[in-house]
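Q: Fold the stuff below for me.
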Amino acid sequence: MGVQDLQTFLDSNCIQGGVITVDLLKTARNVLQRHRNRAHKNPAQPLVRLKLVFDAECCLDRFYGGYFSDWACGGQWNRMVEFLASFIQNFDISGGEVIVFFNGCNEPSRRDEWIQNQLKMRMKVNSVIKHITTKGTPPPKIWWTPPACLRTALRLALRHLKMTVMCSMDDHHQEVIAYIRENSCHGLVADDAEYAVFDPPRYFSSEQMKLTYKGSLDTKEYLMSQITRSLGITLDRLCILGALLGNYILTEHELIDFYEKLGITATGPNKTNIDVSIKTIATFVKQLPSTAIDTVAEKVFGSTSDPRYSKLRQSVQYYINGTRQGFLHYKTAKSGGKSSKDESKQTNSLPKNAKNSTAASEENCKNLEASKFASETVESERESLNAYNEATGLVKPAPHIVIEAPPKTETNGDQENNKPEEEQTNDNGVNGAHNNLILSPSSSSNSSSATSPSHATTDSNKSTEKTTSIPSTVPEVMRTASERHQKGLMSPYIYQILVNGEIKLPVLLEDENQRETPSIHFVYRPVRQMVYAILFNLHHRNYLATKAKENNDDEKIEVPDVIIKEWVWSKANPYQNPEYVKAEPLGWGVPTIQRLWFGTGIDDKRRRLRAYLTCMRSDTPLMLNTSYVPQHLLVMASVIRYIMTNKVKILRRNELDAFCALAFSPELMESEQIQDLHLPLVSFRGVQLATLFMAGVETALLANDACGAPIPWLMCCPWLFFDGKLFHHTLARTTIAKNLFDLCDGQFDRFSKAGRMKEAILEGIRVKFARVPNNPK
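A: Residues are numbered from 1 along each chain as shown. All right, here's what the predicted structure looks like:
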């Protein structure tokens with residue numbers, strides 16, 4: 001059993017009239033027409049559009065474009081963007097409004113639920129890999145798993161398409177339903193039974209949603225009033241039914257004896273049919289003499305003194321809080337007072353309260369501005385948009401001009417960069433007007449002297465009981481992190497790290513048994529370690545401790561390590577315990593996070609970029625020369641360079657050539673042409689490399705956000721530089737192409753560009769390529 005079985009019950013169509021087929025576009029047109037008719041009678045009344053909230057976690061496959069066969073290749077991002085554009089355009093023409101909600105919560109209370117989902121995903125991944133290894137064909141859709149970086153790519157695509165994007169902060173389900181009720185949304189598109197218990201205004205199926213060629217957006221609508229009527233229970237008793245099905249508060253395992261009393265076998269080969277189980281429990285709920293928790297507990301457990309009583313109360317109340325009536329009480333109680341830990345989350349309610357007074361409106365404007373980084377100026381956005389249009393072929397490239405920064409001697413530059421923030425002058429010349437990314441060799445130090453942590457600093461399983469504490473964060477940073485997180489403008493990991501000191505890393509499409517490459521999350525752990533150091537001002541804290549020690553030689557001052565918990569799967573530790581990961585310094589005087597995020601001077605801009613490049617082991621002159629690495633390829637080049645600097649040799653020579661040739665392929669922006677490509681073989685090696693690369697892109701964007709976004713977000717869009725199917729096609733051609741020139745189809749201009757980027761990637765590296773195994777898969 002489990003509350004999600006209620007969703008299975010809804011989808012089974014066992015209740016006549018409980019589920020109907022609808023066209024969301026037609027529904028939007030009807031809503032708009034109805035209000036237009038009313039507007040004729042009352043012109044002052046504004047037109048109302050159909051506002052639907054889409055839970056992104058339930059719609060990942062739908063937003064990706066469906067279960068088309070090449071999803072395992074690493075992501076066809078241009079095709080995804082085209083699908084989203086068509087989807088949104090059809091919705092907008094019909095008079096509808098789309099709001100997409102991502103889950104950005106750490107949710108420690110739901111960790112066991114998350115782990116179980118990840119272990120199920122692991123089983124799917126193993127099936128996919130076995131299929132690809134043995135058959136070399138795309139896996140069936142029943143094993144669909146989200147390509148690495150899908151959520152990040154979706155956030156960027158929706159932002160590019162100017163859609164409303166939200167990201168939950170503390171409790172995903174409650175925040176989604178609260179948004180619907182506070183903003184008078186018409187309904188929810190999801191596939192999660194907890195929403196059904198909340199009884200939203202209208203509830204549509206995300207799994208059944210299809211954008212058809214005839215111009216309709218078909219799905220199923222669940223009529224909860226009809227369903228509860230058929231079950232013989234009222235909507236207020238639906239919350240009790242949801243609690244008795246079992247959830248993360250009161251689990252189904254704790255209700256086994258209750259199920260046995262009702263004659264339900266919850267587990268094993270003789271498990272009772274879900275439809276029968278739901279109807280049996282619904283009958284029990286219907287026959288309760290009262291909805292009082294004491295009465296329910298007496299009937300379920302036999303006594304109110306049962307230790308499960310408090311969990312039952314919490315579980316029922318959780319669902320009541322999401323209902324229309326319960327939400328009003330829940331909202332009032334929640335806003336009555338918050339702990340100091342949750343002060344940063346109060347910005348969530350400011351836009352609603354801001355309507356009450358002029359002063360509040362001014363405060364609201366300030367809060368909206370708080371979500372901006374200093375690097376996000378009007379000029380920066382204009383220039384990155386021009387670069388985006390050039391990269392996608394919407395405009396012809398302008399003549400290349402390298403703008404050199406003011407000359408600076410190497411010695412003075414290094415001394416200035418190694419000064420702590422307190423000793424740095426603020427004589428920056430330009431204040432905010434030129435905070436866009438200027439890619440020139442002199443934007444960086446002349447050498448990449450910073451040392452990157454090359455291995456994880458983790459504790460053994462003996463340390464799992466250790467409690468950790470993270471340094472406090474200044475309100476200005478927390479406010480900006482909260483705002484950006486809530487609007488989906490940054491990696492959700494940043495807010496989770498700052499608030500919880502903990503992140504959960506999902507299962508990826510990789511083989512747990514192969515020995516050619518390390519586990520992907522461990523490959524990029526050194527990047528995360530430096531991100532932790534940036535977010536918690538490790539260098540600044542060490543500097544202050546050193547100064548204090550100099551002033552008082554007798555006093556022993558130690559700076560405690562910054563330790564972040566990482567939940568990551570491995571054979572030795574399949575999510576049983578967190579790994580305790582120590583923040584590692586960048587190796588130079590990196591400014592505080594306040595300066596990185598809010599500094600408006602030219603030096604602040606340079607340091608933001610240098611911090612990012614240091615994290616990616618890419619702080620070299622050629623990486624910043626746009627004639628070698630165009631602006632929209634900097635993320636790609638830095639990820640590949642990072643892979644090349646790994647102690648374990650991962651890439652082979654032909655694979656590096658494939659990445660470089662792909663970056664300048666004229667087919668990259670032709671999604672229809674790529675769709676028509678026939679792959680004679682889907683190779684496991686190609687799947688492995690695509691996953692490794694896209695996981696690297698996601699990590700690079702985390703580092704970019706932590707450093708104050710020195711690379712404009714439009715230049716981070718993965719569809720500018722990668723397509724999984726085209727990568728597989730290019731990789732396959734390396735078996736017959738003699739060199740990079742042949743791989744570029746003999747096009748000298750393309751070969752020249754790919755060669756220069758390859759040179760920048762390998763600059764200063766003692767190159768060692770991986771060997772081809774004797775029995776390649």
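Q: now the end-to-end length of stretch 737-744.
A: 9 Å (CA to CA, to the nearest Å).
Q: Quick one: mean pLDDT over it.
A: Averaged across stretch 737-744, the pLDDT comes to 93.
Q: State the distance from R653 to L538.
A: Look at R653 and L538: by CB to CB, to the nearest Å, they are 37 Å apart. To be clear about C-beta, it is placed using only N, CA and C from the backbone, and glycine gets the same treatment.
Q: who has more neighbours, these two?
A: L538 (23 against 14; other CB atoms under 10 Å).
Q: residue contacts, the more buried one?
A: Applying CB atoms under 8 Å, 6 or more residues apart in numbering, we find L538 in contact with 532, 559, 562, 583, 585.
Q: switch the cut-off to 7 Å
A: 562, 583, 585 (CB atoms under 7 Å, 6 or more residues apart in numbering).
Q: Also R110?
A: R110 neighbours (CB under 7 Å, 6+ apart): Y248.
Q: Can you pull the phi/psi pair for it?
A: Main-chain dihedrals, R110, degrees, to the nearest 10: phi -100, psi 20.
Q: One more: S665?
A: Taking degrees, to the nearest 10 as the convention, S665 sits at phi -70, psi 130.
Q: cool, the one 10 residues further on as well?
A: According to degrees, to the nearest 10, the main-chain angles of Q675 amount to phi -60, psi -30.
Q: For T212, grab the count of nearby residues.
A: T212 - counted by other CB under 10 Å - has 10 other residues nearby.
Q: I'd assumed T219 was in contact with it.
A: No - using CB atoms under 7 Å, T212 makes no contact with T219, being 10.9 Å away.
Q: Give the residue spans of the stretch 251-400 of the chain that score low on pLDDT.
A: Along the stretch 251-400 of the chain, the model assigns pLDDT under 70 to residues 329-370, 394-400.
Q: show me where it has helices.
A: 256-261, 274-286, 293-301, 309-322, 324-335, 350-353, 358-369, 378-391 (DSSP state H, counting those that start in this stretch).
Q: Just send those back as a markdown table, with distance to G696 and mean neighbour count too.
A: Formatted as a markdown table, these follow (distance: least, CB to CB, whole Å; neighbours: other CB atoms under 10 Å):
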| stretch | distance to G696 | mean neighbour count |
| --- | --- | --- |
| helix 256-261 | 44 | 15 |
| helix 274-286 | 41 | 18 |
| helix 293-301 | 50 | 18 |
| helix 309-322 | 38 | 20 |
| helix 324-335 | 39 | 14 |
| helix 350-353 | 36 | 14 |
| helix 358-369 | 32 | 12 |
| helix 378-391 | 20 | 17 |
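Q: which sections of this protein are below the confidence cut-off?
A: Using pLDDT under 70, the chain drops low at 39-41, 43-45, 67-69, 329-370, 394-466, 553-556, 774-777.
Q: So what are the structural domains in it, by residue number?
A: Listed domain ranges for the chain are 15-230, 231-339, 340-369 (source: automatic domain parsing).
Q: can you list those domains in JSON lines and add distance to T480?
A: Formatted as JSON lines, these follow (distance: least, CB to CB, whole Å):
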{"stretch": "domain 15-230", "distance to T480": "14"}
{"stretch": "domain 231-339", "distance to T480": "19"}
{"stretch": "domain 340-369", "distance to T480": "10"}
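Q: Just name the most buried of those.
A: Mean neighbours per residue, mean count of other CB atoms under 10 Å, is largest over the domains of the chain for domain 15-230, with a mean of 18.
Q: where do the strands sit along the stretch 551-700 of the chain?
A: Remark: strands assigned in the stretch 551-700 of the chain by DSSP state E, counting those that start in this stretch are 563-567, 579-582.
Q: strands paired with the shortest one, and their directions?
A: With DSSP bridges as the criterion, the sheet partners recorded for strand 579-582 are strand 563-567 (antiparallel).
Q: Check the offset of the strand it pairs with from the chain's centre.
A: 18 Å (CA atoms, centre = their mean, to the nearest Å).
Q: Against which helices or strands is the longest helix anywhere in the chain packed?
A: Longest helix in the chain by number of residues (criterion: DSSP state H): helix 111-135. Helix 111-135 is packed against helix 684-706, with contacts defined by 3 or more CB pairs under 7 Å, 6 or more residues apart in numbering; DSSP states H and E.
Q: Which elements pack onto the helix it packs on?
A: Counting contacts by 3+ CB pairs under 7 Å, 6+ apart, helix 684-706 packs against helix 111-135, helix 492-500, helix 520-523, helix 525-535, helix 602-615, helix 634-644, helix 724-733.
Q: Provide the angle between the direction of it and the direction of helix 111-135.
A: Helix 684-706 and helix 111-135 are oriented at 140 degrees to each other (axes from the mean of the first three to the mean of the last three CA atoms, to 10 degrees).
Q: if I pick S315, what's in contact with it?
A: Neighbouring residues of S315 by CB under 7 Å, 6+ apart: 243, 247, 249-250.
Q: Pick out whichever of those sits closest to Q89.
A: Checking those against Q89 by CB to CB gives N247 as the nearest, at 38.2 Å.
Q: what's the distance between that closest one and Q287?
A: Counting by CB to CB - N247 and Q287 are separated by 22 Å.
Q: Ok, V296 next?
A: Taking CB to CB, one finds V296 at 11 Å from Q287.
Q: residues in contact with L586?
A: L586 touches 450, 530, 533, 611, 614, counting by CB under 7 Å, 6+ apart.
Q: Next, give me the two most distant ones among the residues you listed.
A: Going by CB to CB, the pair spanning these furthest: A450 and A533, at 11.2 Å.
Q: With neighbour numbers in mind, choose between these two.
A: Shown here are A450 and A533; by other CB under 10 Å, A533 has more neighbours (25 against 19).
Q: That one and L613, how far apart?
A: Distance from A533 to L613, by CB to CB: 15 Å.
Q: Just the CA atoms of stretch 232-239, as CSV, please.
A: The C-alpha coordinates for stretch 232-239 follow below in CSV (Å, rounded to 0.1, in the frame of the first residue of the first chain):
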residue,chain,number,x,y,z
GLY,A,232,-19.2,7.0,-0.3
ILE,A,233,-17.0,9.5,1.5
THR,A,234,-17.1,13.2,1.8
LEU,A,235,-14.1,15.4,0.8
ASP,A,236,-13.3,16.0,4.5
ARG,A,237,-12.9,12.3,5.0
LEU,A,238,-10.6,12.0,2.0
CYS,A,239,-7.8,13.3,4.2
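Q: Residues contacting stretch 317-327, please?
A: Contacts of stretch 317-327 (CB under 7 Å, 6+ apart): 173-174, 177-178, 181, 197-199, 239, 242-243, 249, 330.
Q: Let's see which of these end up in helices.
A: Taking DSSP H, the ones among the contacts of stretch 317-327 that sit in helices are 173-174, 177-178, 181, 197-198, 239, 242-243, 330.
Q: okay if I get these as JSON lines plus distance to L692?
A: JSON lines is the format used below for the ones in helices among the contacts of stretch 317-327 (distance: CB to CB, whole Å):
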{"residue": "H173", "distance to L692": "33"}
{"residue": "Q174", "distance to L692": "36"}
{"residue": "I177", "distance to L692": "38"}
{"residue": "A178", "distance to L692": "38"}
{"residue": "R181", "distance to L692": "43"}
{"residue": "V197", "distance to L692": "40"}
{"residue": "F198", "distance to L692": "40"}
{"residue": "C239", "distance to L692": "45"}
{"residue": "G242", "distance to L692": "41"}
{"residue": "A243", "distance to L692": "43"}
{"residue": "Y330", "distance to L692": "44"}
